[in-house]
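Asker: Here you go, sequence then predicted model.
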2 protein chains.
Amino acid sequence: MPVFSRFLRYFMAVAQHGSIRKASDELHIAASAIDRQVLQGEKILGTQLFERLPSGLRLTTAGELLLTSCRRWSRDLNALQTQLDNLKGLRQGSTDILIPDALTKGFLPTLLGRLRQTHPGIMVSVHVRKSHDMGELLVKGHADFALMFNPGHMRELTVRTHKEIPLGFVCLPSHEIAGLKEARFSLAAEYPMIIPAPPLALWRPIGVLEAETGVKVATVAKADNIQMIKSMVLEGAGVGILSYLDAYDEVQKGQLAFTPITNRKLPPLTLALCVDRSRQLSTAARFIITEIENFFAEQF
Amino acid sequence: MPVFSRFLRYFMAVAQHGSIRKASDELHIAASAIDRQVLQGEKILGTQLFERLPSGLRLTTAGELLLTSCRRWSRDLNALQTQLDNLKGLRQGSTDILIPDALTKGFLPTLLGRLRQTHPGIMVSVHVRKSHDMGELLVKGHADFALMFNPGHMRELTVRTHKEIPLGFVCLPSHEIAGLKEARFSLAAEYPMIIPAPPLALWRPIGVLEAETGVKVATVAKADNIQMIKSMVLEGAGVGILSYLDAYDEVQKGQLAFTPITNRKLPPLTLALCVDRSRQLSTAARFIITEIENFFAEQF
DNA sequence: ATGATGCGTTCGCAAAAAGAGAGCAAAAGC
DNA sequence: GCTTTTGCTCTCTTTTTGCGAACGCATCAT
C-alpha cells in the first residue's frame, strides 16, 4: 500500500510498456488484476485512457495527460521522500545490501562513494551473493534489500524498482561494430566471439538466442568470469557478449564500446531492487533505496 | 478507489480536522480504519506525520510537507478532470440534482447560470426536496447527486465534498453587530431576535444551543420560512439567526450583514454533496460536480 | 477526589476488494 | 493454416478494509 493508489501504479506501468501483460511481468501482478484496475480507473475518470489495438494498448490524449501528471506526482513524491529523510537528520544508520558479482564495479561503487561523502554516518555492508540465494537471505532478515537479476516470483518479495539491462556486443572502440547504434545477433557468426559460460547468468539467454535464431556463433573463447572476458576483449582477442552493466565501467572510461543486440526473441535481462514485503525498512536503507531509484531514473 | 490512495485521502481529512474522530465523521469511515491507514502511512514513509496530543493530532513538519504536496496533487487532479471533460467535448448531456430549499437563491443559481453560458448543451433538472427524502431518491436512481444538510450515514451514499456552514446573526449593515468579526451566542439575549421555527432545519441547532448555554433568547418573532425572516430583518424588525448560506445572496449584495456565532457547543451544520456509491456518474453530472467542488474550494 | 468527556489506539470478526489462473475471441505474423 | 499475442471475462482464493466495542490516557468540571 504505497502512497499512490493501485490504479495509478498499474496505469503507469501499462502506459510505459504499452501492454498489460508486459506490465504484469514487471509488477508481478496477474494481468487480469491490472486489467480490472485500468478499466475501473477509466470508469472513474469517465474517459478512455488507452486505445485498444490488437498489439496492445496505446495512450489516448487523455491518457497522456494523466501520465504527465503521474510523472510529476512521482517526482514530487521522490523529492518529498528525500526531504523527509534529510529532515529526520539522517546522520547515522546501517544497511545490509545484497548484490551480484556484476555490480562490484561500475555505478554502484560510484554511488556508494558519493553517499560516503554526503552522509558519512551511514554504514553500508555489501554482501556479494548469487542472485539465486538472495531471496532466502532477504526473507530471513539478513539484509535490507537486494539488487538481483531476473528475480523469480517470490510471494514474500516486492520489486521496488527495476531496470532493463540491454545485452550486446562488447569490443574495442576501434572495432567496426563500435560504430553501430544497434546490432542484430547474426553478427555473432561473422566475428570471433568470446562468450560467457555457466554458471554466469548470461549464459542462459545467449543459449536461448542461439537456439531460437539458428545463428552459429563463431566462438573463439568461453569464460565463467566477466572480468576475464573483458580482459580478453581488451587484448584484441575478439568480440564479447555481455550486458551493458558488465561493461559499464570500461565503456564510461572509453576503453570499450558497447552495442546493444536487437532481437525480440531475446529474453529480457532485468536488474531489480527487491525488498521483503512484510518488513519495515530502516531509515538508512530507505534512503539508499531512493538514491538508487533516482540514479536509475536519470542515468541509464 | 478514487484516483488517490486511501492513505492520502484519510491523511488529508485528518490533517484538516486535527482529529481522527472528526475525520471519521466527515468521511463516514470508522475511526479505527482511518487510524490504521495513518499509522501504516507513517511506517511506509518512515516518518512521524503527526504529533499525538491529548486533544488530537497536530501535523509535524514532515506532515506539513506531505500536506502541501497533497494539496498540489489534488488541485492537479481537479484541473486534469476538467481538462479531460473539456477534451471529451462536453457539449451535451443532462443531470438531475437534488437540493434543499435553502439553495434556491444564492450561489447555486449563479453557478448554474455561468454553466449555462459556458456549456449551453448541458441540461440540468433541479429538484427541490427535503434533505430527509434525498437519500432514497438517490439510491433509486432518480437523481445523479444531491446537496444535503447533515447527511445521516447511509451505506449506499458517499460524500464527495462537504462544507461547514457557519451559523450566525443576520442584521442590517448599519447594526452594531455588523461590525463584529464574530459573536458569542449570549448576544441573542440583548437584541430583539427573529428565529427559525420548525420544520426549518435551523430550528434544532438553535434549540440545542439555547439549552446548552442557558441563554434566554429575546425572541420577538418566529418564522418557518427563511425568506420571511430575512424580509423582517430588512424591515428593521430585529436580528435574525440563520446560516451563512441562507443569507449569502443578500450579504453579497450588501443588503444584509452576517456575523458567525462562535460556540463550541454548536452542532456543526454541514452541506454535503452526496452520490450513490455504486452508480456510475454521467459525464455531465461529473462535470457539474467538479464545478461545485471548485467553487467550494475557492469561495466560502 | 471523581466521574465525564474526548482522544488515539487495539482487537476480533465480517464484508469488500484485489490477486491468481484458466480460458475466450480477435487480430497479427509467419 | 498455424502459432503467438493481445485484452478481457470468469471463478476461486487471498488480502485488505471497515466496523464496533473496548482500553488506556489526559483533561475538565463537579
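Answerer: Great, that's in hand.
Asker: only C-alpha atoms for contact and neighbour calcs from this point on.
Answerer: Will do.
Asker: What about the closest residue to chain B within the stretch 101-250 of chain A, how many residues nearby?
Answerer: Proximity of the stretch 101-250 of chain A to chain B (CA to the nearest CA) peaks at A:R160, 12.6 Å away. Applying other CA atoms under 10 Å in any protein chain shown, we find 15 residues neighbouring A:R160.
Asker: again, but for A:I99
Answerer: Other residues close to A:I99 by other CA under 10 Å number 21.
Asker: Residue numbers of chain A in contact with DNA strand C?
Answerer: A:R6, A:H28, A:I29, A:A30, A:A31, A:S32, A:A33, A:I34, A:Q37, A:P54, A:S55 (CA under 7 Å from any atom of the strand).
Asker: Can you tell me the SS state at the third one?
Answerer: I take that to be A:I29. coil (DSSP: H, G, I helix; E, B strand; the rest coil).
Asker: where in the stretch 151-300 of chain A is pLDDT low?
Answerer: A:199, A:212, A:220, A:264-267, A:299-300 (pLDDT under 70).
Asker: all strands of it, in order?
Answerer: Assignment of strands within the stretch 151-300 of chain A using DSSP state E, counting those that start in this stretch yields the ranges A:157-165, A:167-171, A:193-196, A:219-223, A:239-243, A:257-260, A:269-276.
Asker: And A:K140, how close does it get to A:R52?
Answerer: 43 Å (CA to CA, to the nearest Å).
Asker: more crowded one of those two?
Answerer: For the pair A:K140 and A:R52, the greater number of neighbours falls to A:R52 (14 against 10), based on other CA under 10 Å.
Asker: How about the contacts made by the more buried one?
Answerer: For A:R52, the contact set (CA atoms under 8 Å, 6 or more residues apart in numbering or on different chains) comprises A:R58.
Asker: what residues does chain A put near chain B?
Answerer: Counting by CA under 8 Å from any CA of the partner chain, chain A comes close to chain B at A:2-8, A:41, A:43-47, A:62, A:65-66, A:69, A:73, A:76, A:80-81, A:84, A:87-88, A:280-283.
Asker: Narrow the residues you listed to those in helices?
Answerer: Using DSSP state H, the subset of the residues of chain A next to chain B located in helices is A:6-8, A:41, A:43-45, A:62, A:65-66, A:69, A:73, A:76, A:80-81, A:84, A:87, A:283.
Asker: Any quick PyMOL command for the buried ones out of these?
Answerer: In PyMOL, this line selects whichever of those come out buried by 16 or more other CA atoms under 10 Å in any protein chain shown:
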select buried, chain A and resi 6+7+8+41+45+62+65+66+69+73+76+80+81+84+283
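Asker: Return the residues of the stretch 1-150 of chain A in contact with DNA strand D.
Answerer: Residues of the stretch 1-150 of chain A lying near DNA strand D (CA under 7 Å from any atom of the strand): A:1, A:18-22, A:31-32, A:35-36, A:38-39, A:52-57.
Asker: any idea how far B:V3 is from the residue of the stretch 1-150 of chain A at minimum distance from chain B?
Answerer: Using CA to the nearest CA, the single residue of the stretch 1-150 of chain A nearest to chain B is A:S5, 4.1 Å away. Distance of A:S5 to B:V3, given as CA to CA: 6 Å.
Asker: Likewise for A:A23?
Answerer: From A:A23 to B:V3 the distance is 19 Å (CA to CA).
Asker: Would you mind telling me which of the two has more residues around it?
Answerer: A:A23 (22 against 16).
Asker: doesn't B:Q83 make contact with A:L45?
Answerer: No. Contact criterion CA atoms under 8 Å: A:L45 and B:Q83 do not qualify, at 11.1 Å.
Asker: ok, the residue of the stretch 51-200 of chain A at minimum distance from DNA strand C - how many residues close by?
Answerer: Across the stretch 51-200 of chain A, the shortest distance to DNA strand C (CA to the nearest atom of the strand) belongs to A:P54, at 4.7 Å. Using other CA under 10 Å, A:P54 has 6 neighbouring residues.
Asker: Check the gap between it and A:G18 for me.
Answerer: A:P54 is 11 Å from A:G18, by CA to CA.
Asker: How about A:V38?
Answerer: A:V38 is 13 Å from A:G18, by CA to CA.
Asker: Between these two, which is the more surrounded one?
Answerer: A:V38 (22 against 19).
Asker: Look at that one and report its pLDDT.
Answerer: At A:V38, the model reports a pLDDT of 96.
Asker: Run through the residues that contact it.
Answerer: So A:V38 contacts A:F7, A:Y10, A:F11 (CA under 8 Å, 6+ apart).
Asker: Tell me the spacing between it and B:E291.
Answerer: 25 Å.
Asker: how distant is stretch A:171-179 from the center of its chain?
Answerer: 25 Å (CA atoms, centre = their mean, to the nearest Å).
Asker: Residue most distant from the centroid, chain A?
Answerer: A:G46 (34.4 Å; CA atoms, centre = their mean).
Asker: A:F107 contacts A:A247, doesn't it?
Answerer: No. Contact criterion CA under 8 Å: A:F107 and A:A247 do not qualify, at 10.6 Å.
Asker: between the two, who's got more neighbours?
Answerer: A:A247 (26 against 17).
Asker: show me what contacts that one?
Answerer: A:V170, A:K230, A:L256, A:F258.
Asker: A:D144 too?
Answerer: Neighbours of A:D144 in contact, by CA under 8 Å, 6+ apart: A:T95, A:D96, A:I97, A:L138, A:V275, A:D276, A:L281, A:S282, A:A285.
Asker: Contact partners for A:A218?
Answerer: By CA under 8 Å, 6+ apart, the neighbours of A:A218 are A:A188, A:A189, A:E190, A:Y191, A:P192, A:M193.
Asker: per-residue confidence for the spatially closest residue to A:Q48 that is not a sequence neighbour?
Answerer: Of all residues not flanking A:Q48 in the chain, A:E42 sits nearest, at 5.7 Å (CA to CA, 6 or more residues apart in numbering or on different chains). A:E42 is assigned 94 on the pLDDT scale.
Asker: what's around A:L271, how many residues?
Answerer: Neighbours around A:L271, by other CA under 10 Å: 20.
Asker: How much space separates the nearest residue to it once chain neighbours are set aside from A:E291?
Answerer: Sequence neighbours aside, A:F149 is the residue nearest to A:L271 in space, at 4.6 Å (criterion: CA to CA, 6+ apart). Noted for A:F149: a distance of 19 Å to A:E291, by CA to CA.
Asker: So if I had to pick from these two, which one is more boxed in?
Answerer: A:F149 (22 against 17).
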